[in-house]
Structures are given as structure tokens and as C-alpha cells.
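>>> sequence and predicted model, in that order:
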Amino acid sequence: MGYTKRVRYKNHKRHINAGARPGSIIIPHDALPSKITIYSFNQDDLQVSKGEDMQTITRQIAKCTDHTHWIRVNGLGDARLMEDIGTFLSINQLVLEDIVNTHQRPKFDEYDGYVFGTSRIIYFNNETELVNCQFSGIVKDNIIISFEESYVDYFEAIIVRLKAGKGNIRTAGPGYIFYTLIDTILDNYFVLLSQIGDLIDQIEDKLYQSPDKSIMFDAQQLKRTLIIVRRACWPERDKINDMIRSESPEITKETKLFLRDAYDHCIQAMDMVESYKEVTSSIIDLYLSMVSNRMNEIMKVLTIISAIFIPLTFIAGVYGMNFSREDTHGHVIKDNMPELYVQHGYVYALICMLAIAVIQIFIFWKKGWFSKL
Amino acid sequence: MGYTKRVRYKNHKRHINAGARPGSIIIPHDALPSKITIYSFNQDDLQVSKGEDMQTITRQIAKCTDHTHWIRVNGLGDARLMEDIGTFLSINQLVLEDIVNTHQRPKFDEYDGYVFGTSRIIYFNNETELVNCQFSGIVKDNIIISFEESYVDYFEAIIVRLKAGKGNIRTAGPGYIFYTLIDTILDNYFVLLSQIGDLIDQIEDKLYQSPDKSIMFDAQQLKRTLIIVRRACWPERDKINDMIRSESPEITKETKLFLRDAYDHCIQAMDMVESYKEVTSSIIDLYLSMVSNRMNEIMKVLTIISAIFIPLTFIAGVYGMNFSREDTHGHVIKDNMPELYVQHGYVYALICMLAIAVIQIFIFWKKGWFSKL
Amino acid sequence: MGYTKRVRYKNHKRHINAGARPGSIIIPHDALPSKITIYSFNQDDLQVSKGEDMQTITRQIAKCTDHTHWIRVNGLGDARLMEDIGTFLSINQLVLEDIVNTHQRPKFDEYDGYVFGTSRIIYFNNETELVNCQFSGIVKDNIIISFEESYVDYFEAIIVRLKAGKGNIRTAGPGYIFYTLIDTILDNYFVLLSQIGDLIDQIEDKLYQSPDKSIMFDAQQLKRTLIIVRRACWPERDKINDMIRSESPEITKETKLFLRDAYDHCIQAMDMVESYKEVTSSIIDLYLSMVSNRMNEIMKVLTIISAIFIPLTFIAGVYGMNFSREDTHGHVIKDNMPELYVQHGYVYALICMLAIAVIQIFIFWKKGWFSKL
Amino acid sequence: MGYTKRVRYKNHKRHINAGARPGSIIIPHDALPSKITIYSFNQDDLQVSKGEDMQTITRQIAKCTDHTHWIRVNGLGDARLMEDIGTFLSINQLVLEDIVNTHQRPKFDEYDGYVFGTSRIIYFNNETELVNCQFSGIVKDNIIISFEESYVDYFEAIIVRLKAGKGNIRTAGPGYIFYTLIDTILDNYFVLLSQIGDLIDQIEDKLYQSPDKSIMFDAQQLKRTLIIVRRACWPERDKINDMIRSESPEITKETKLFLRDAYDHCIQAMDMVESYKEVTSSIIDLYLSMVSNRMNEIMKVLTIISAIFIPLTFIAGVYGMNFSREDTHGHVIKDNMPELYVQHGYVYALICMLAIAVIQIFIFWKKGWFSKL
Amino acid sequence: MGYTKRVRYKNHKRHINAGARPGSIIIPHDALPSKITIYSFNQDDLQVSKGEDMQTITRQIAKCTDHTHWIRVNGLGDARLMEDIGTFLSINQLVLEDIVNTHQRPKFDEYDGYVFGTSRIIYFNNETELVNCQFSGIVKDNIIISFEESYVDYFEAIIVRLKAGKGNIRTAGPGYIFYTLIDTILDNYFVLLSQIGDLIDQIEDKLYQSPDKSIMFDAQQLKRTLIIVRRACWPERDKINDMIRSESPEITKETKLFLRDAYDHCIQAMDMVESYKEVTSSIIDLYLSMVSNRMNEIMKVLTIISAIFIPLTFIAGVYGMNFSREDTHGHVIKDNMPELYVQHGYVYALICMLAIAVIQIFIFWKKGWFSKL
């Protein structure tokens, strides 16, 4: 029917396996094959190595013992790799299940010797499709492993900063890298919210300039997008709070200072989501009120035109009747429509019609129907 | 009237016996007769025995003293059996009342020497009827007794796992079996939510492709189903939390680790329920807005057609009047409808009508009534 | 206008005496005269004595010193009796004020040597009038005094149990009797809720089978009834909780176990109230949507009939005009309505009209106006 | 336009002086001049003295050293007096600012050696104007000073009780007088709520008997009045709670017992406000539904009359056309309106019209349009 | 289309730099160049010096070592200056980022040796444009630095008080100055709320006197303005609370007393915002109800006029039919419209029409359509 685009949500189905053993690693059939990139770095050095299996990881970690290693896994399609990583770092089966079952709420859990956290990566894919995929990370000793569902180059800016080597990014440890990844995800919420803000401005401009029924659809789509962002933001806040209060050595005191900043950003994002939701609702209310005003105006015109002409047409109808001056026997019927045979009868009839019209218009004007309600 | 199916809820009446002694075991008249299945197992062995009375239980427990026993009772129609079980395991009367009075909210209570919990089993029976029945379980020493209202084979997957004997299912004790049962119930909430998600998709597709008034009914039914799921989920969360914080020896530390996972699932399910509710509401809003748009469009067409033709019909009516050229005495009445006797009078009249129509169309176009609001 | 019955609320006015001394016993003018029934019982014996003044009480208590006494006062119209009871048991003036001022929220207060609690008794009086009256009780030593506003035989079941003497009802002390009374009131909430559930079912059946405007009224009345039940239930929950946490010797440990059960029932009742409210709201939404659908359908029919016939009637009107073939001087006016004098002119006109009708129907069909939105 | 009275709110503007020194005593220009009444009393004696300046106070206090003094200030227009009182009793500047700036929320603050509290006095001034003014009080040693904005005799009942001297009103100290004042204010909330309840009953009766559009206005005014009462009640509750938990010697243990009673009253008042709000909302919903039902009924009548007569009028129009039996050359045109020259043609036409009307009525009846939706 | 002014929000875009190093000072391109004003004062002396770079500050501080310095920075366009200030006072990078990134929520943070806080300055710029800009302040030793986005003379009143030197403003230290600034911002919320209150009064007067569709737009704009104020107020309250509970020496005990007062003001402002929101909503509801009433009235008039005249016009149409008295063979057709040839036929027809009209009016009056719903 020509309605505007419908925001579609990728990945909204969860695979379910009721009654399965907890901790089962079940790879969804549409998961991408895993690609591994390892960034090993210290104050002076940065090595990047790529691969697709466990060997890549073990070799690199064995080679650089005094480096911090950021093992970045894109694509979660390799059950074998997951299990190898689990064995190599002694990770709990439940954690591995959470990594491949990509519908977790953001959370932060502490385990013996390592910490684990998940976030939601949300962005507009070519401006129309909302992608909502999972990021998870494990920090253990000098290693951080991050898992992403897609191959999208989401952390480009961090790699640039790693290569530049300025600030404390190379020296502050894997916990700081973990914070940096989460912070980038949060920053991108603001990019997303800014795009949503632009969409709201567009809808509002349309509302004021050339309102049509796509406004309702677009506003509802926006509302739904905001619900998704809010669902990611709320638990994110709790997660960051958990990290701040964590006593794991992986989250250093310095990192916690930065996390407090991320916490503020998270609240700011939630704030924006809430007020965008309210603005969207008020756009819908305004639109519905405009529709109803339009109806009102149309009704008024119809009423006034109908109400004026219907009685006049009736009078014309009366004088269009064929009552005869003579009955069937030829006698004159005096009181059959004598008006028709009166001098100026037609003029009187027209004047009478005009008078009725004027009186009606006057009454409607008195009732205030010509004012704009 | 051809409306779509109305989701019916089984078992929504509670039997009431105001003023009765607390702890009375009153079996509803439609309760099914009880069937007992006992799974006795240890690391190496699994025995299954079936029966219908207390003897089955006592004999089996006496036979295998070093086994874990899962006594599964399907159908709660046997008051005698309930009382026998109560006596055999020294269970409080109030607990037995809760088991047969199948309208409990999910809860977890600790008693001297045993723990007791209830959950709601909710599923679509052949896709249209929502079944909401009660599961309850008692864990004492090496025994877990589970009570289900129906004979439906709800825990098939667990029995398969018991038979396979992999993992710790045979060795982790009755508390772990209790967790497994609850976890399966929770997993099935996701199955249910996934079916609801499909229904939402269907309704939405209908909304975009061929909207009709069944949408309103279906959306309201969905909403009500979601209310039922939410009513089961909220207290379930508290219950699992109570289990995690419990200090009963029946809930081992290892089981608590898994319960934390179940807790996360529970919150996820609630999350999905909430966002499905919001989506359903937005579908209803969209539908109502489409209905009102349709009304608007229809009104516009009526108005424009009426407003154009009513004045024209009036003019035709005027020239259809029979004002006579002669009065009753045969004198010519000059000003009675002289237009009718003028050269090109008809053509002028037609032109006049056309002009009025054009002017009106122009005015309506100016007012923007042809644009789509 | 034939609308359905309006649920009326008895006793909704509070008597006010601003600035009066706190603790004043002011009897409302419509209070019933007090009637006293005393049940004195122990393991073996049950005596029932009736009367109307303080003497009845003092005599009976003096007579049976080792019995538990349940003094039941129906009707609060006797200020003298209230003051006598207050003096006899050394009850605080504020408590006495609360007993006769029958608009208290449910609450539980502990005083030196006695405890005091109030509840709301709510029921449908002959199915249409909702009665909301006050129950209050004082437990001191071996005495429980209960106060009811009306003479209705609300606690019949308890008296039957007292007479039967089974269970611990005769031996568990006055605190247990107090619990039993509260539990009966709670159980009756379920009776009430079940009646409300039946009313909801009736309204819903009406909605699906023969919807009329009484639905709106009935649903609103139901909503209001549910508000009243909720107002009684919420503080009841707090009250029971206060009783459980009370350290008064009047509430024994055994009684507390039963109170936990009552607490669960109270939450269940609130749960039902909330979900009945949601169901009622969804019924109202559905009804309003049906009304609007009906409007829509009616509008469509009007539009289609009007839009088809208005142009046709106009054409008929044109050919009903009396433009003359001759002017006043007898000259032929060739272009005055030549169509009327053409062979098959009438047939052509009818065909033309038919064509216009068909085209319009085709356009409306194209616009989808015949589909059911 | 003849709408009903609009409840107007006195004193809804706050005077603002942004950036002014905190603690500035700025008297609003419309404040009334101050009048002082001092009630000095002990067990046996009650003295009343009036005046307008500080001297009245100092003289009376010096005279009766063993009395409790209730200094009542009506009208806050005398900045000098305020400052004198502040100096005399060593009151903080911020407290004095709160007294004259009469837009405080109810609160209770403890200072060194004295306590300070404010409340809102709300009543209907001659039934139409809602007055919302401030009461504040300071309790220090044996003195209580109360400040009221107006001269209205609001505490008449207390003065009567003081003069009677019964109960503990003369002996329980200034804190008890403070409680009594607050309690009277609270009791008057019930008077106000009872008036509101009467208004609701009136509106509801109107709704059921002769609904007109004033209902909407009146209900909205009521809602707004309830918002004001709620805004006074909520912080009042916190205030009384603060007083109960206060450890100042000014609030004696005995007074706290009475405050608990006042606390209950406050919650009861809030309860009534909330349920009145819900009732008001449901009245508005019912009214809107009635309006829409009315519309629906009117539409139906219009549709049925129009739909029946429009086709009939068309047929009449057709047979009113002037197609000629002869063309301009005098040849007979056989197929021009042959129906007009057929035996019984007129009767057939009428029968045909009747048939069409009957068929339409049957169709509409089939569609259920005559049933009351 | 002539709608009323649309409140525009300055500065609503946040600059985003996802993945950037935390603590980066990125100046928005539209930031104003920085201007510095230093107020150095003690009990006896007040020096004012202006400048644009760091030297101004260092010179003045070196000159007056026993003064309190209020360094006021207007315009945040100078990244260099920010960094210099950061270095000079050893301020954390994250704090500097918060100062230039002007979309912070109000907050208060304590650091080693200094405290930092932000607030929102909100006002109507020439009554139509809502300006929402950031204020931030750092208090360290005897220095307070305040940062404002614009050059607007917002703190005029404080400078006047500083120059007058009365009260404790010159001696109470930089923490007190910080409080004074925040208090001025809060006081200005009341100025803003008073302007909003005036706007509400205007809209309401319009609603009662000459309602038109701008009401809906204006009310929605107001609602949005109130959302912005609320978003500033809520965290402000938390901030002031944090300041009161702070143990930093910068916030003295005396200042905390004043902060408690500011806290009360903040709650009062929130209270006003909430009740203004409710009033705005009720205005919108009333307006929509008036629109619907208007529709209703118009519909009624149309219905009554149409329903009365349509049947009459039909009758006139019938007697305007041209059924012939003679068939084509010249035979008389007796039953073709005999009414036309009857004595008084015309009069009878008119009487018949009148009767129909009267009956209809009577029916409509009976149905209560002339009453005002």
C-alpha cells in the first residue's frame, strides 16, 4: 500500500532446546565461521596475528609471555574452537553456553580466576535494518578474549589507538581493554540515538509540513527501536555497576575510575531513550489530533453545505410537483399549487429560498461553527 | 460473526471452601486418578517401576537404599495417596493442601528436613488452548517427589538424559533433579514465547497486508496470554532466588551455580514477555490508527461528492419547477422563470453548474483535502 | 434509559467531627443495636450464652475461668457497651474509636497486654449490592472479642467446627480463633472473586454474542468493585505480615505457621484482582473497538449508496428541467435540452447512469473499501 | 458558553527573587496584616490576650511563667514581627523565610532547642473556590507559635476544648497542642473529601439521568482538586512519620501515640484520594463512551433513512425527466420513457419503490444494525 | 498552515566520537571563545579582573593570596585554556571532558583535594526559544572555577551581593559561592516554571473562551518543555543530596544547612513540574472532549435536517413524476397518479409532509437528541 519501510530486526529468534543439559554448546545453523585475530602488545611492541583455530592462540601466547593478549573472535560458528578455548583457559561450560547462545542480557559474572561479561551491539545496518548482536568477553591473567557474532569492523578506533600506542592503552592491562570495548559499544549507542534523533526530527518536520499516514507507522517503528535500545541499556547499567563493585584483580582501581564515567554515559543514554520515547508519543498524539481536526473540518463543510441546500432542494421539489389545475372531469382545482400562477411567484420562491439559506448561515455562525475549534 | 478463535484457559476456577480447616485435602471433582512412576538410579543403575498406590513407593525405596529416587506422580485425584505420602515422609498438612489445590503461585518453602516448591507449567495445547497447570516437588534425603496435574509427557528430555546417564544427572542428588525439572519448565516458557512471537509476526503481517477486525481480537488474546505467562514468571524469579539463598542441604552448592543460570533465564523470559506486550500494544495502536485513517478517507470522498452535487441538484431542481407563464386568468407572468425561454438558456445553466463544480474542487484542493493526511 | 443495574456501595460515608478529642466514641446514627454471643470452650466443653449488655460478659467469664472465650459483638450501636468493654479489659480509647468508626483500613496493632486488628468484610448482598463492612478483634489473655457491623451469619462454618471440636480449634487459644476469623474473611474474598469472575465471563459472552452498550457500564462497575477489593487486600497483606512478625504472646508460633498460609492466600487474591482488572480493561478496549468497527461499516454503506446515487439523481434532475423549446415569441430554441428529442435519448441516459454507477463501484472496490478492515 | 463553574485556586503564584540571600524575609504584597492571639493555660487557668506586635507576646510570657503559651499569628504581612519573633526565640532565618513564603510542602524539621513544621490548610471557600494556604508552627520550651495566612476561624473546636479544659489538652504541653492543630487540619481533609464525594455523586447522578457536556468539565476540575489534596497529603504522611521518629523533647511519648493515629488517618485520606481519582476517571470514561454511543445511534438513523430514501428519490427523479415522445420533427420516439404510458405504470413504480425499501430494511436488520451495540 | 510557534531547543545535539580515548577534550565547532572574569574578595576587599588566557588567572591568584577567588569562565571554546586550568589545579582529564562536553546530567563528584559539580541552566530566550545549557564548577582550596556555555549575565544578583558585601557571602568560602550559584540556578527554575504557569493559564483561558486547534500544539510543546525541566531537576536533587552527605572540607557544615534548604526547593520544583504536567494533560483531554462534543453537535444538526427533509423531498419527487393520464393509444390510464387530479390534493400533500416532519421531530425529541449530551 505504499507505507514506509518497516524496521526489521535481525536475529530475533532464540534457539531453544528444552530439557537439554545445562552448559550444552549448541551452534545456531546460521552462525558465521569463526575468525581469530590476536593483538599482543606491551609498552613497546604490538604484534597482530590471524588464524582460525586453537593453534593460532596457543602459539602466540607461548611466544609472547610478557605481553597483554587481546584475542578477538569474530563469528561463533565453530563449536570445536569454543570447547578448546574453554579447556585451555578452564572456563565453565555455562559461560561457553552463554557465549554461543546470543540472546543474553548484558551481565557481568565473576568466576574463580577470571571474569565474564556480555553486552549488546546495536546499530543501523545501512540505515534501515536494526542489528542487535551480542558481544562477550573473558578476562583472565594477561588475556582478554572477545567474541562477536559478525565480522563488522566495530572496534576500528581502538585498534588505531593500540597502534598509536599513546596513553595507557597498551600498559593498563586486559581489564582496561575490556572497559575500552564496552565504552566503545556505549559510545555507539549515542551514534544510534543521534540517528534516531534525526529520524524524529524528520518525522516532526513532516508532521508540521506535509503530514500523511506514514507518520504513524514511522513513529511506531521508532518506538520499537527505542524499546530495544532500552532493553540493552538497563542491564548494561547494572553490569557496569557490578564491575565497579567487583573485587576481582582483573578490574583494576584505575579502570574502575573510567567505569564510573561509563556508568554516567549509560544513565545519559537511558535518559535520552526515555525522553525520545516521550517525544515520539507526543508526535503520535499530535498526529492523531491533526487527523481528528481534519475530520472535524470536513464534517463541518459537509454539514453546512448539506444543511443549506437540502431544504432549498425540497422547496424546488414541491414546486416541481405536477398537481393538476383540473380534475379528471375538467373542473378547475383552485387550491392545487396556486403559487405557480401568481404574479412574481417565481421571484418570491427564490427570495424565500435565499432567506432560508441566510437564516441558516446566521444560525451556524452564531453557534460558532465557522470558528476554528 | 466469524471472529477468530478465542484462546480459552483451562482450569481457571479455584475450588473454595470458606471457613474450612486449614490443611484440608479437598480433591477437585475433575482431578485425574494418580499414576506413579519411580526412577531409582545411581552412577551405574537405573530402575523404573510403575504403580498406583503407596505400596509401589515403599517397596521400591526399601529395595534400593543407596539410590536416588525420583517419584513422579501424574494426576492428583487420589486423596488417600496424598495422605499416605504425607505420613510416610512426615510432610506438613499445609504442603499437601498446596499440592492438590492447583492454583498456587510459584514458591519455595523450607521445612524441617525437606524443601517444597511449586511452578506453573504453561503450554499451548494443539496451538489454541492455553493450559496452565501446576507442578510441585518435595525434596527429602535421597528422594524427590514431583506432582503434575496431567499425564502429558512433559519431562521426556530429562528421562532420556537419565537413561543415557551422561553428565552428573545421576550423581548430583535429588536437589539437582528438582533444578532440572524447574529448568525444563523454564525452557518451555521460551518455546511458548517463541510460539507467541510467531503469532505476533502473523498478526503483524496481516496488519501490513490485509488488515481486518480480527486483528484487534487476536491482539487482545495475545495480551491476555502474556499476562498469564508474566504471572507465572514473576514469582518464579523470587522462588529461584529463594532457592539460591536457601541453606537447606537439599540444595547443594553445585546446584546453586546452575540455579543462577536459571535465574538469568527467568529474567530473560520476563524481558521477552514485557517487550512482546509492548509490541502487541503498538500493533493495536497501529490498527486503530489505520481504521481511523480509513474512516477519514471514506468521509473525504463522501464529502467531496456530496458537496459538489448537492448545489448542482438544487439548480436542476429550480429549473424543474412548474411556475406557469400564465396566471389563472390567462395573463402572461413575465418574471416566472424567464431563463427557461432564453436562447442558449440550457447551455448557460450547464456551464453555470460546471463552474460551481470546478470552483468547489479548487477550494477543496486548496484546503489540502486531496493530500493524504 | 434501561441501563443495567448500578452496583451500589453500602456505608461509603465516614462520619467526621473535625477537631474532636482523639479517642471520642461517636456512634453513627444508623448503627445497629449490639447483640452479644459468647462461646466459652475448652477441650471438652462448649457453652454458648447470649445477651445485650456488659453483665452477660462478666458473668460468663467469671463462671468459666479455664475456658477460652470468644465474645462476638454484632452491631456497634451501643456506646455504653463499648466503654464498658474498654474499662473491663483496659483498652485504649483510640482502639475503641477505631472499632466504632467503621472506615479503618485493615491493620494490626500491638498494645500492652493485648493486640488489636481490623479487616474488611466484603460480599455481594443478593448479588447486586456490594457490602463493605468492618470486622475488628481484640485478643487479650484467654479472651477474643470480635466486632461486626451487621447481624449477618458470616462465621457459620467456624461455629460448626467449634461445635464439632475436631482439630485444634478448641485448644489452640484465642489467637488461633482470631486467625480463623481472618482466614474465613480471606476465603470469602475468593468467593467474591469467583462471583466477579462469573460476571466477567457473562460480560465476555455478551461481548462475543450480542454486544450492547450495557457492557461498558457493567465493565466499569466491575472495575470499581475490584478497586474496593484491592483496597481491602493490600493493607490486609501488610497486616498479616505484621502479625507474623509480632512478638506478642497472643500470636503463638503455631498460629504464625498458619498465618504464613493466609499471607500466601492474600497475595493470590491480589494477583487475581490485578488480572481481573486487566481482563476487564481488555474487555472495554475490545468493546470500544467493536463500536468503532460498527461505525466504520455503517459509514461505508452510507458512503457507497450516497456516492453512487447522488450523481445519478443529479442527471435525472437535469433532464427534469423545463427549459422550453420555444422562447416567449414562439421562436424555436434549438439548443435547449436537445437530448430530450433524440431517438433512444432515454435509453442512452439510463445507460449513462448505469455506467457511472459501475465505474464508481469499481473505484471503491479498487480502493479496498469492500474488504473488511 | 454556559459551561459550569471553573474551580479557581487561590494563592497559586509563588513570589520569586532569584539570587536573593537565603533566609530573606520577603512579604508578598497581598499578605494580610498580622493579628496575634495568645492562649496561656495550665491545669486551672486559661488567659486569652490579643494584640498586634511583639510587646503583646513578651508581656504575656513574662506574666505567666508556669503556663503553656499558644501564640497564634493570623496574617503574615508584618515583616518586623517575624524578625522580632525570630530574635526573641532565636529562630533560624531559613525557618522565618519558610513561614512567610507560603508555598512550602508539609515538612518537619528539628533544630537546636525547637522544632518546626508546616502543613497545608485546604478547604472550599463557599463551595466553589478551593483555598490552599499554609499553616506553620514552632514548638520551643513551653511555647507553641502557629502561623496562618488568613483570619478564618479554622481551629474553633480546639479553642472550645481548651476552654472546657477536659482531657489532657491543657496539661499535655505545647507539642500536644501542635499535634491537635495538625490533627484538626487532617480531619478537615476528610470534610473536604466528603464534599468531593458529594460532588462525585452529583456528577454520577447527572451522568445516569441527564448527561450533558458539563460532566467532562466538572470531572476534570474534580481531578485537579484531588491532585492538590494529594500533593498536601503525601508529604504530610512523611512529616508525621518524621515527628514520630523525632527525639526532640518537644514531642513527648504520649503525643507520639496520638501521632500514630494521625498517621493512619493520613494514609486513609490518601487512600480516599486515590480511589476518588479512579472513580472520576471511570466517570469520564463512561461519559465518553456514552457520547460515542450517542453518535453511533445518530449515525445509524441517518444512514438508514438516507440509504432507504436516496434510491427511491432517484427513481422518482427518473420518472420526472422530460424525455419527449416526439422528436423535433414530430416523429414518435417509442423508447423514450414508455413506462409512463403503460397501464398501472404508476402503481408498478410505487410497488417497485416499496420493494426496494423493504429489501434494504431487511438487509440492515440482517446485519444487526437495529440491535443496540 | 498558521500553527503557533514551535518551541525549539538549542544545543540538543551531542558530539560523539565513538572509541575515542576517555578524557579527550573535543571542543564542539560552535562553542564560544572563552572569557575569564575573576572576583577576588575577602571581608574588606573585592577585586575584579578580566582576561582571556591562563596568565590572567595565575597573576591574580599570585597577587591576592588571602582572598577567595571566583574564576568565572564564559564560553568553552578554548581547548588550550581548559588544559592549562587542568594542569594548574591538577584536575582529572575526565572532569575536563565533562566540562566541555555540555550534555552532562547534574552530578556532584568528589576527587582528591577538590570537588566537581554540574547543573543545567534552563530559561526562555525572548520567550520562545528554550535554552538548556550547562553550568559546571570546581571548588579547590580558596578557589572556585565556574564554567558557563554562554555570555548571558545569569549571576547578576550574586555579583551585586558580592559588591554590597553584606551577609556572609564574602567570608563563607568558595563552597558557599558554589552553593549560591546552584541556588540561583534553582531559583531561576521557579522563574521558568512561573512563565510556564502563565502559558498554561493563557492556554486554559483560550480553551474556555475561543478554543482552536493551536491548543493541542501549544499543550504538547509545554509538555515537552516540562520534560526538559524534569530531566534537569531529578538528578539535581540527587546531586544536592550528594553534596549534603559529602565529607569534603570544601563543603562546610554551614553551607550544608543552606543546601538542605536548596534540597527542599528542588523537591518543590519537581512537585510543580509534575502537577503542571497533570494540568497540561487535563487541558488536552478537555480540548479533545470539546472537539468531540462539537462533532457530536454538528452531526446531530445534519442528521435532523437530513432525516426530516429526505422523506419530504422523496414525496415531492413522486408527485413530480410524469406518469401520463393517457397511454400511447390515447386511452385514459385511471390509476396513473390520480392524486394529482383530486380536489385539495396539493393541500393534502403538504399536510402529509408536515405531519411526517412533526412525527420525526417528536421521535427525535423523545430519544433525547435535543438535550445536550
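Structure received. Numbering: from 1, shown residues only, chains lettered A, B, ... in the order given.
>>> burial count for whichever residue of the stretch 1-150 of chain A sits closest to chain E?
Relative to chain E, the nearest point of the stretch 1-150 of chain A is A:Y123 (10.2 Å; C-beta to the nearest C-beta). In this view, the C-beta of every residue, glycine as well, is placed from N, C-alpha and C. A:Y123 has 17 neighbouring residues, counting by other C-beta atoms under 10 Å in any protein chain shown.
>>> am I right that it sits in a strand?
Yes - counting by DSSP: H, G, I helix; E, B strand; the rest coil, A:Y123 is part of a strand.
>>> so what's it bridging to?
Counting by DSSP bridges, A:Y123 forms beta bridges with A:V131.
>>> let me know the next secondary structure element after the host helix or strand of A:E204.
Assigned by DSSP states H and E, A:E204 belongs to helix A:174-209. The first helix or strand that comes after helix A:174-209 along the chain, using DSSP H and E, is helix A:214-245.
>>> elements contacting that next one?
With contacts taken as 3 or more C-beta pairs under 8 Å, 6 or more residues apart in numbering or on different chains; DSSP states H and E, helix A:214-245 sits against strand A:107-111, strand A:114-125, strand A:129-140, helix A:174-209, helix A:253-318, helix B:253-318.
>>> need those in CSV (columns: mean pLDDT).
Below are these laid out as CSV (pLDDT from 0 to 100):
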stretch, mean pLDDT
strand A:107-111, 91
strand A:114-125, 92
strand A:129-140, 91
helix A:174-209, 90
helix A:253-318, 87
helix B:253-318, 87
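>>> do you know which of the ones you listed lies nearest A:F41?
helix A:174-209 (9.4 Å; C-beta to C-beta).
>>> tell me the buried residues in the closest one?
Using 16 or more other C-beta atoms under 10 Å in any protein chain shown as the test for burial, helix A:174-209 gives A:174-193, A:196-197, A:199-200, A:203-204, A:206-207.
>>> okay, now A:A355: neighbour count?
Neighbour tally, A:A355, other C-beta under 10 Å: 10.
>>> and it, how far from A:A349?
A:A355 sits 11 Å away from A:A349, going by C-beta to C-beta, to the nearest Å.
>>> what parts of chain A come near chain D?
Contacts of chain A with chain D, taken as C-beta under 8 Å from any C-beta of the partner chain, map to A:G320.
>>> quick revisit: now the helices and strands packed on helix A:214-245 as TSV including distance to E:V291?
Shown next, in TSV, are those (distance: least, C-beta to C-beta, whole Å):
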stretch	distance to E:V291
strand A:107-111	49
strand A:114-125	38
strand A:129-140	36
helix A:174-209	18
helix A:253-318	6
helix B:253-318	14
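>>> thinking again about what came up before, next, the angle helix A:214-245 makes with the helix holding A:E204.
160 degrees (axes from the mean of the first three to the mean of the last three C-alpha atoms, to 10 degrees).
>>> which helices and strands does helix A:174-209 pack with?
With 3+ C-beta pairs under 8 Å, 6+ apart as the test, helix A:174-209 has strand A:68-74, strand A:114-125, strand A:129-140, strand A:143-148, helix A:156-164, helix A:214-245, helix A:253-318 packed against it.
>>> of the ones you listed, which is nearest E:S214?
It is, among these and with distance given as C-beta to C-beta, helix A:253-318, at 10.5 Å.
>>> other SSEs contacting that closest one?
Against helix A:253-318 (3+ C-beta pairs under 8 Å, 6+ apart) you get helix A:174-209, helix A:214-245, helix A:345-366, helix B:253-318, helix E:93-100, helix E:214-245, helix E:253-318.
>>> let's see 6 Å
helix A:174-209, helix A:214-245, helix A:345-366, helix B:253-318, helix E:214-245, helix E:253-318 (3 or more C-beta pairs under 6 Å, 6 or more residues apart in numbering or on different chains; DSSP states H and E).
>>> so who does the residue lying closest to A:Y276 once chain neighbours are set aside touch?
Once flanking residues are discounted, A:Y276 sits nearest to A:L226: 5.6 Å by C-beta to C-beta, 6 or more residues apart in numbering or on different chains. Going by C-beta atoms under 6 Å, 6 or more residues apart in numbering or on different chains, A:L226 touches A:273, A:276-277.
>>> so which of the residues you listed wins on neighbours?
Greatest neighbour count in those, by other C-beta under 10 Å, goes to A:V273: 24 neighbours.
>>> so that one makes contact with A:R230?
Yes - counting by C-beta atoms under 6 Å, A:V273 touches A:R230, with 4.9 Å between them.
>>> rewinding a little: could the helices and strands packed on helix A:253-318 go into JSON lines alongside distance to C:G330?
Formatted as JSON lines, the helices and strands packed on helix A:253-318 follow (distance: least, C-beta to C-beta, whole Å):
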{"stretch": "helix A:174-209", "distance to C:G330": "63"}
{"stretch": "helix A:214-245", "distance to C:G330": "66"}
{"stretch": "helix A:345-366", "distance to C:G330": "21"}
{"stretch": "helix B:253-318", "distance to C:G330": "25"}
{"stretch": "helix E:214-245", "distance to C:G330": "64"}
{"stretch": "helix E:253-318", "distance to C:G330": "31"}
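>>> and the residue nearest to A:E254 when sequence neighbours are not counted, helix, strand or coil?
Leaving aside its sequence neighbours, A:E254 sits nearest to A:A172 (C-beta to C-beta, 6+ apart; 6.4 Å). Three-state call for A:A172 (three-state DSSP): coil.
>>> where does A:A172 land on pLDDT?
Confidence at A:A172, expressed as pLDDT, is 89.
>>> what about it, how many residues close to it?
A:A172: 17 neighbours (other C-beta under 10 Å).
>>> also A:V291?
20.
>>> contacting residues around stretch A:71-89?
Residues from elsewhere that reach stretch A:71-89 (C-beta under 6 Å, 6+ apart): A:25, A:27, A:31-38, A:54, A:57, A:96, A:100, A:140, A:145-149, A:151.
>>> same question for stretch A:125-143.
A:5, A:7-10, A:68-69, A:89, A:99, A:102, A:114-119, A:121-123, A:145-150, A:174-175, A:178, A:225, A:228, A:250.
>>> how about stretch A:38-50?
A:37, A:60, A:64, A:67-71, A:170-171.
>>> did I read that right, A:G19 in a helix?
No - under three-state DSSP, A:G19 sits outside any helix and is assigned coil.
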